[in-house]
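In: please find the sequence and the predicted model below.
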Protein chains: 4
Amino acid sequence: HTAVNLADYAACAESVLDAAAWAYLSGGAGDEQTLRANVLAWQRIGLLPRLLQPLAHGHTRVHLFGREWAHPIWLAPVAYQALFHPQAELASAVAAAAQGAGLVLSTLSTTPLETVAQAIADDAARGPLWFQLYLQGDRGADAELIARAEAAGYEAVVLTADAPCHGARDRERRAGFALPPGVQAAHRRPATATPAPLPPGASALFDRLLLRAPNWDDVAWLRAQTRLPILLKGVLHADDARQARSLGLDGAIVSNHGGRTLDTLPPTAERLRHVVDAVGADWPVLVDGGIRRGTDVAKALALGARAVLIGRPYVFGLSAAGPQGVAHVIRLLRDELEIAMALLGARTPQDLARTHLLEPASTPDSR
Amino acid sequence: HTAVNLADYAACAESVLDAAAWAYLSGGAGDEQTLRANVLAWQRIGLLPRLLQPLAHGHTRVHLFGREWAHPIWLAPVAYQALFHPQAELASAVAAAAQGAGLVLSTLSTTPLETVAQAIADDAARGPLWFQLYLQGDRGADAELIARAEAAGYEAVVLTADAPCHGARDRERRAGFALPPGVQAAHRRPATATPAPLPPGASALFDRLLLRAPNWDDVAWLRAQTRLPILLKGVLHADDARQARSLGLDGAIVSNHGGRTLDTLPPTAERLRHVVDAVGADWPVLVDGGIRRGTDVAKALALGARAVLIGRPYVFGLSAAGPQGVAHVIRLLRDELEIAMALLGARTPQDLARTHLLEPASTPDSR
Amino acid sequence: HTAVNLADYAACAESVLDAAAWAYLSGGAGDEQTLRANVLAWQRIGLLPRLLQPLAHGHTRVHLFGREWAHPIWLAPVAYQALFHPQAELASAVAAAAQGAGLVLSTLSTTPLETVAQAIADDAARGPLWFQLYLQGDRGADAELIARAEAAGYEAVVLTADAPCHGARDRERRAGFALPPGVQAAHRRPATATPAPLPPGASALFDRLLLRAPNWDDVAWLRAQTRLPILLKGVLHADDARQARSLGLDGAIVSNHGGRTLDTLPPTAERLRHVVDAVGADWPVLVDGGIRRGTDVAKALALGARAVLIGRPYVFGLSAAGPQGVAHVIRLLRDELEIAMALLGARTPQDLARTHLLEPASTPDSR
Amino acid sequence: HTAVNLADYAACAESVLDAAAWAYLSGGAGDEQTLRANVLAWQRIGLLPRLLQPLAHGHTRVHLFGREWAHPIWLAPVAYQALFHPQAELASAVAAAAQGAGLVLSTLSTTPLETVAQAIADDAARGPLWFQLYLQGDRGADAELIARAEAAGYEAVVLTADAPCHGARDRERRAGFALPPGVQAAHRRPATATPAPLPPGASALFDRLLLRAPNWDDVAWLRAQTRLPILLKGVLHADDARQARSLGLDGAIVSNHGGRTLDTLPPTAERLRHVVDAVGADWPVLVDGGIRRGTDVAKALALGARAVLIGRPYVFGLSAAGPQGVAHVIRLLRDELEIAMALLGARTPQDLARTHLLEPASTPDSR
Ligand SMILES: Cc1cc2nc3c(=O)[nH]c(=O)nc-3n(C[C@H](O)[C@H](O)[C@H](O)COP(=O)(O)O)c2cc1C
Ligand SMILES: Cc1cc2nc3c(=O)[nH]c(=O)nc-3n(C[C@H](O)[C@H](O)[C@H](O)COP(=O)(O)O)c2cc1C
Ligand SMILES: Cc1cc2nc3c(=O)[nH]c(=O)nc-3n(C[C@H](O)[C@H](O)[C@H](O)COP(=O)(O)O)c2cc1C
Ligand SMILES: Cc1cc2nc3c(=O)[nH]c(=O)nc-3n(C[C@H](O)[C@H](O)[C@H](O)COP(=O)(O)O)c2cc1C
């Protein structure tokens, strides 16, 4: 039967995916408190509409980095989409373009970045086309990847900084998830043969895996590699946004990686306001995590986000129905956003303001 | 078996209605947070009684627009009642009159407004008889409808302003609800043939449906069309009540449309106080949404409402047992109100005051 | 199998009682929010112990009205105990005396007050013996009842003021509860034949039942009828306690009638502090409602109560196992109180203080 | 199938233990509110990471009493481990040593303290080896026990002061738990024959069991018996920590005995901050109760604890899989701690600070 909202696609996806892929896609870190809180925190913000406002010829258009886009709902970087549909990232990209949604391709894409870009770069009605970067500890190779993305037509780089290592993803481990044969990251350096044995008392994490974890120096280096806008993804602390801005980055994405890294991170709906307030309205802040409803999108915009990204929901659509599923997910959410705007009395995204919100009482915390 | 409270009628109604009609009647927008919060917010307000007060010859009578009414429990406008009982709005009206309850007939009544008025207008013991208006974007036709209502004996106009478009009512859509053949709105203009096709990128909502959505100018126009009292229904923001008052309207109904339009609107029990405080005690404010108990009615009155309206509960009664069901619902609620007043130490509705309430701690918010 | 705490007796009682008696005993008003909140509110108060305090020869003894009693756990007035056990109030009284617990006999006892008094008045180890009074609107008869109680040896009068009429006890009504033949109140005036018919529009509640509901004048009258201490039962508002004190009454019982009258009354654990603070430490305040654990008793004493009363729990014991059940319930609770005191570092009830409590954040409200 | 986190070991243990042993091990006092709150309170503290921090060669090492230890996760004293595995305390000790975890042996060990010490004292990679002391009211015997522990190589004494008597452990009583034949405490004085009968009205608790309950004088006495560091276990009130410090003790363990003594004690996660703030950063404070995740450990350290202890989790491991189970539990938790530190941007335990925390709003209370 037909899906009428994003939650319906979750149920569909669960029924078509094998248990391990489902665990990988839907699970979070630890006890999944952040995973749940992400969704609940948007729901807990109340909406206070104004009646009888002018609504004719309203629209959802937003501006970013000098261009106007049809609406502010974009697709977050999600790794290994070949797990979910044979057309993988290509299906997501084509659907995004058809629906005017932005696309952020993951470094861990199973489809080469050029293939994705070729399919949609020339679509006049598409949304922004961005590349998500994981720094992999080898500046030569990292620089090369950035150059490839720039050459292929990607319009911005999203540097993900909140996942120097995997979180404790128990659901995934319990389901015994592993990449099936044939599913592999197109842009990842192959692991260096057998690593040197660790001295006694050493930590596999700190003394091997994190030896070249990216830090702020690498960000400065990255800034010098490209003239594309760079956004820092994974920001929760206002000072990290300030630092990114002071190093010449062009924006931030407030994110807790969809609750997949560290459990009990605060929901993004609670951090967005603090980050926006720290950097000022002229420096773009986007947000993802738990966005499931048009009302959530309206709240994010009212708090000061320029756009939102959805992660799992579109991959649920991809799993359930390929490109059509992804397109339908975007369409459903955009329709809900229009309805929410109309019922709030907001003709355009710019009309959405904090005065439309009734935020729950909570620790005032401006960090 | 016998129903002892309003919740019992919900269960009865569910068992007699088909799934689609039940979804239409009982459902709300989105994840139905507002639907649930409406009920919970009344429950969360505590009652602080005074012992040993004089109670003899207490009563529930209230004054409004120059007349005295037996009690402050009225029937909210509910569309398409032919869905629920063959006697439809007539059954509700007759029961309301028999119980001294006010009646607000919907624009989307399946029974012509004159038929309803004729049945009860001359009943000396009836409550107020009001007409709920949806402005339909055609001033001539709107004016004609108002004139008909006035001629038929309706004593006030209730302008519903919180539903310029439908909410995302997922339960209804999932149940595949559609008006069955033969059930139609008696006062709605038929849809103009096939609408002109939309230009690419245009929005069916903003560029077609909402082109003539009502705004404050239409309210000023409406004010000039009739000398009947006009109440604005759907008010949640204190400034909207102030604006209504300043345009010469006669009162407001604090409402979120029973949680059917925009999910995560605040429960009306939380907004009532702010609206009452904004407009002052002499300008009538009523409230609906989630009222299920005599204690809820007492709390609304103590917060400053002149009367309350119930929506779903009486339609549950209508579905389950026709006019008798409606009458019993009103009677049960009124009996509970009398008991609540007696146990609070309040002899009359006027004795109910905020000192009887223990409101839960929450964001102080005077908007 | 053996009951290890008071909750176990609830389960036993439910299994032996017929559904109607169980509904009468265990149910509350409306949606039973207050019924549940009474229990939860004690649980929500945290305990902050002090380590390594002197504990040898600790005890639970309390003073009231010039005498010392073995412990502060007393039996609240509960009507119609013949519903629960053939020995009815006599069983409760004998068990109370055996366990040194106070007994408050209800006006609606099914056993004559003299019979109860004779059975235990001379037991040196018994607790206080008090009579609970409902004023019944006929001063002559009321005075006579007080005189009988005084003559029989009752040591105080408890005037219940929070129940001028029944609450909306839905569970009871749904179970079709009615007093079975043979179960009748020993001290209630028989209903005057058929009442005069009500004029149209009149209220059976306000214009008949409550015509002679007791008020503060009746309290002043009562004060003049007896030299026994009088306690006002049902106090939730600090001003009602002040008023009682100023009329010469001797104490108050903070109570919401076990959640049986008006739903959404605040839990007594939240009101006790305000009442105690209003009247000062020298004027006795007791409390009942939701006390199920020794920790609850310790908290009530720490908040300033001189003693606590239990209602349903002992009647669960009575239903399940007669006098032995009642005695066991008292014993279990007293043992838990001793343990709680020892683990808190309090040698005597007088050592319990608010510094032992961590009260949950809530609206500061001193009414 | 494999356990991926500590909760998995709880399920395994439940399936292998008999019902009585399971009730003894997993149960708590009263309604088990504190038992549950201990776990929830850690979860409710939010984490606020800093991005892009230097992480290479990070580690989990901590200093205490002049030595450095591999990590701050130690095993709390748990009585009667022969109930759970034939190798009992020996299995726990060997696993602790293998994993570099500290071990606190209970007075109620079923294995003699010398046997345990011999097995691990010389292991260079082991953690601290401490002895938990219950004062048993006989100074001669108590002094002898301390001397034995000191001689055997224990490096500190942990004086447990929060359990002068058993709590009301209903689950245990309902399961009919009793020590099986052959399971007995190695260091407990045998009960003195039949105790003298109590005079009427006397309390078995206060007039017999607690006659020689330890108090602050006994602490002063204990201080004079040994030059080993002494820590006071069971501290919740800041003043008790201050007192311990002023009597020359060397540290405190914030604990509510795992929710096994008095129900509704506050969770340790809420008290830790107050105790740390009272005594200052140079006086060691540890904490136990409800620690189940590496994030919990990180939060405890960020609040100022020098180390944490786990109780039930390792005994679940012991029950399920003997020493391997214990070792795996420690390893899982340490791995999670490393991940949490890395994702927080903390290279070492010393880097963890309150700025990494988002504490839930609650009554400010510095006691
Ligand atoms: C299966 C999966 C894979 C992901 N892979 C990446 C990734 O490769 N790079 C990245 O920056 N974020 C990745 N994310 C995080 C998303 O970009 C996004 O932050 C998150 O999914 C948003 O939350 P939502 O799923 O609740 O919408 C992934 C998320 C999921 C669910
Ligand atoms: C089935 C249904 C139809 C409704 N139709 C109308 C309507 O035609 N006009 C209107 O102003 N409100 C309408 N409402 C809203 C009600 O007037 C009222 O605001 C709401 O039902 C009150 O909440 P309650 O149902 O919780 O009592 C409708 C509500 C329901 C449940
Ligand atoms: C079945 C029942 C009958 C009661 N009858 C009386 C009564 O006759 N007079 C009175 O003052 N209170 C009466 N109460 C209220 C109790 O005295 C007491 O306030 C209440 O039960 C305390 O709450 P608890 O049941 O949670 O302990 C009754 C309570 C119950 C449960
Ligand atoms: C079965 C059991 C026995 C215990 N025995 C002792 C003991 O002998 N001495 C002691 O100081 N604490 C004892 N404790 C308390 C633990 O040392 C520790 O404070 C508690 O278990 C920590 O909470 P957790 O189980 O949630 O980790 C015991 C706890 C359990 C579960």
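Out: Arrived safely. Not measured: the values here are computed from a predicted model. Numbers count the residues shown, from 1 in each chain, chains lettered A, B, ... in the order given. Ligands and ions are numbered 1, 2, ... in the order given.
In: mind checking how far the closest residue to A:Tyr134 other than its chain neighbours is from chain B?
Out: Closest residue in space to A:Tyr134, ignoring its immediate chain neighbours: A:Thr107 at 4.4 Å, by Cβ to Cβ, 6 or more residues apart in numbering or on different chains. Glycine gets a C-beta too; all of them are placed from N, C-alpha and C. A:Thr107 is 33 Å from chain B, where distance means Cβ to the nearest Cβ, to the nearest Å.
In: quick one: residues contacting A:Thr107.
Out: Taking Cβ atoms under 8 Å, 6 or more residues apart in numbering or on different chains, we find A:Thr107 in contact with A:77, A:79, A:131-134, A:145, A:160, A:185, A:187-188.
In: so the closest residue to chain C within chain A, which of the three states?
Out: Closest contact between chain A and chain C, by Cβ to the nearest Cβ, is at A:Ala361 (10.7 Å). Look at A:Ala361: counting by DSSP: H, G, I helix; E, B strand; the rest coil, its state is coil.
In: let me know how buried it is, in neighbour terms.
Out: Neighbours of A:Ala361 under the rule other Cβ atoms under 10 Å in any protein chain shown: 11.
In: could you measure from A:Pro49 over to chain B?
Out: 6 Å.
In: quick check: closest non-adjacent residue to that residue.
Out: Nearest to A:Pro49 is A:Leu344, by Cβ to Cβ, 6+ apart, at 4.5 Å.
In: burial count for the one you found?
Out: Per other Cβ under 10 Å, the neighbour tally for A:Leu344 reads 25.
In: tell me the contacts of it?
Out: So A:Leu344 contacts A:47, A:49-50, A:298, A:352, A:356, B:262 (Cβ under 8 Å, 6+ apart).
In: show me which of those are buried.
Out: In terms of neighbour count (16 or more other Cβ atoms under 10 Å in any protein chain shown), the buried residues within the contacts of A:Leu344 are A:47, A:49-50, A:298, A:352, A:356, B:262.
In: what score does the residue nearest to A:Pro49 have for pLDDT?
Out: Looking at A:Leu344, its pLDDT stands at 98.
In: look up phi and psi at it.
Out: When read as degrees, to the nearest 10, the backbone of A:Leu344 gives phi -80, psi -20.
In: residues touching A:Arg306, list them.
Out: With Cβ under 8 Å, 6+ apart, A:Arg306 has these contacts: A:62, A:64, A:72, A:251, A:284-286.
In: what's the burial count for A:Glu114?
Out: For A:Glu114, using other Cβ under 10 Å, the count is 16.
In: same check on A:Gly248?
Out: Residue neighbour count, defined by other Cβ under 10 Å, stands at 11 for A:Gly248.
In: quick one, what contacts the nearest residue to it once chain neighbours are set aside?
Out: Spatial nearest neighbour of A:Gly248, excluding adjacent residues (Cβ to Cβ, 6+ apart): A:Arg223 at 5.0 Å. Residues near A:Arg223 by Cβ under 8 Å, 6+ apart: A:230, A:247-249.
In: quick check: the farthest pair among the residues you listed?
Out: Across the contacts of A:Arg223, the longest distance by Cβ to Cβ is 9.2 Å; it joins A:Ile230 and A:Leu247.
In: more neighbours: which of the two?
Out: Between A:Ile230 and A:Leu247, counting by other Cβ under 10 Å, A:Ile230 is the more crowded of the two (22 against 15).
In: now do the phi/psi pair for the more buried one.
Out: phi -120, psi 130.
In: quickly list what it is bridged to.
Out: Beta-bridge partners for A:Ile230, by DSSP bridges, are A:Val157.
In: please, where are all the strands along the stretch 101-250 of chain A?
Out: A:103-105, A:129-133, A:156-160, A:230-235 (DSSP state E, counting those that start in this stretch).
In: of those strands, which is nearest ligand 4?
Out: For the strands of the stretch 101-250 of chain A, the distance to ligand 4 is smallest for strand A:230-235, at 32.3 Å, taking Cβ to the nearest ligand atom.
In: return the distance of that closest one from the chain's centre.
Out: Mean-position distance between strand A:230-235 and its chain equals 10 Å (Cα atoms, centre = their mean, to the nearest Å).
In: now do that strand: everything it contacts.
Out: With Cβ under 8 Å, 6+ apart as the criterion, strand A:230-235 contacts A:77, A:130, A:132, A:156-163, A:219, A:222-223, A:240-241, A:244, A:249-257, A:271, A:275, A:284, A:286, D:51.
In: mind checking which of those are buried?
Out: Looks like the contacts of strand A:230-235 have A:77, A:130, A:132, A:156-163, A:219, A:222-223, A:240-241, A:244, A:249-257, A:271, A:275, A:284, A:286, D:51 buried, using 16+ other Cβ under 10 Å.
In: in chain A, where is pLDDT below threshold?
Out: A:1, A:192, A:362-364 (pLDDT under 70).
In: pick out the residue of it closest to chain B.
Out: Taking Cβ to the nearest Cβ, chain B has its nearest neighbour within chain A at A:Gly58, 3.8 Å off.
In: ok, that residue touching B:Arg208?
Out: No - with contacts counted by Cβ atoms under 8 Å, A:Gly58 stays clear of B:Arg208, the gap being 11.5 Å.
In: tell me, how many residues neighbour the spatially closest residue to A:Asp31 that is not a sequence neighbour?
Out: In space, A:Asp31 comes closest to A:Asp263 once its chain neighbours are excluded; the distance is 5.7 Å by Cβ to Cβ, 6+ apart. For A:Asp263, the neighbour count with other Cβ under 10 Å is 28.
In: A:Asp263 touches A:Arg36, doesn't it?
Out: No - counting by Cβ under 8 Å, A:Asp263 sits too far from A:Arg36 to count as a contact (10.2 Å).
In: which neighbours do these two share?
Out: Counting by Cβ under 8 Å, 6+ apart, nothing touches both A:Asp263 and A:Arg36.
In: output stretch A:292-301 in CSV with nothing but the alpha carbons.
Out: Extracted C-alpha coordinates of stretch A:292-301, given in CSV (Å, rounded to 0.1, in the frame of the first residue of the first chain):
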residue,chain,number,x,y,z
ARG,A,292,11.2,13.4,9.4
ARG,A,293,8.4,16.0,8.9
GLY,A,294,7.8,19.2,7.1
THR,A,295,7.2,20.8,10.5
ASP,A,296,10.8,19.8,11.4
VAL,A,297,12.1,21.5,8.4
ALA,A,298,10.1,24.6,9.2
LYS,A,299,11.5,24.6,12.7
ALA,A,300,15.1,24.2,11.5
LEU,A,301,14.6,27.2,9.2
